[in-house]
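[1] 3D model of this:
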Amino acid sequence: MRRSHTEEANTNAEVNLTPLIDMVFILLIFFIVTSSFVKESGIEVNRPSAQTAERQERGNIIIAANAKGEVWIDKHQVDIHTLRAHVERLRAENPEGSVVIMADEKSQTGLLVQIMDQVRLAGVSNVSIAATTVSGTE
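    Coordinates of the predicted model:
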């Protein structure tokens, strides 16, 4: 028995989706590998504003200090005397990383100096202080 032309066209009209699925998975893997994950300090800090603030794309070790005098690193509250050991451990994991200190605008300057001192004693010379950028001049 002979098939009609339309029956033959319906049986041969299949689309191969394998290359499309492969391409979607490759793109998904590419975006996952190239995305940068944001590290959080563990507390919300009201950063002071500064007109000369610059955006830093990467801050591998983020240390936060709030108005109560608490110091946070990697979502854990730490004592100022153990901060050096924490920074040394995180620095060993990523030797090229920098440190960003997020001090609340109502925190004491002495605490910020102690944090910077502990970070420098841990061997990190690339230390930044986080601030909010002010747009325009007053």
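[2] CA only for contacts and neighbour counts going forward, please
    OK.
[3] what kind of secondary structure is Ile101 in?
    Classification of Ile101 by DSSP: H, G, I helix; E, B strand; the rest coil places it in strand.
[4] Next one: it, what pLDDT does it get?
    Listed pLDDT for Ile101 reads 86.
[5] OK, contacts around it?
    Ile101 makes contact with 62-65, 127-130, according to Cα atoms under 8 Å, 6 or more residues apart in numbering.
[6] so who does Gln77 touch?
    Here Gln77 is in contact with 70-71 (Cα under 8 Å, 6+ apart).
[7] before we move on, which element is it in?
    Element membership for Gln77 (DSSP states H and E) is strand 76-78.
[8] That strand pairs with which strands?
    Sheet pairing of strand 76-78 (DSSP bridges) gives strand 71-73 (antiparallel).
[9] Lowest average confidence across helices and strands of the protein, where is it?
    strand 49-50 (a mean of 57; mean pLDDT, DSSP states H and E).
[10] On the C-terminal side of it, identify the next helix or strand.
    Next along the chain from strand 49-50, counting by DSSP H and E, comes strand 61-65.
[11] which helices and strands does that following strand pack with?
    strand 71-73, helix 83-93, strand 99-103 (3 or more Cα pairs under 8 Å, 6 or more residues apart in numbering; DSSP states H and E).
[12] okay if I get the ones you listed as a markdown table plus distance to Leu27?
    A markdown table is the format used below for those (distance: least, Cα to Cα, whole Å):
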| stretch | distance to Leu27 |
| --- | --- |
| strand 71-73 | 34 |
| helix 83-93 | 28 |
| strand 99-103 | 32 |
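[13] for those, which one sits closest to Val24?
    Nearest to Val24 among the helices and strands packed on strand 61-65 is helix 83-93; the distance by Cα to Cα comes to 32.5 Å.
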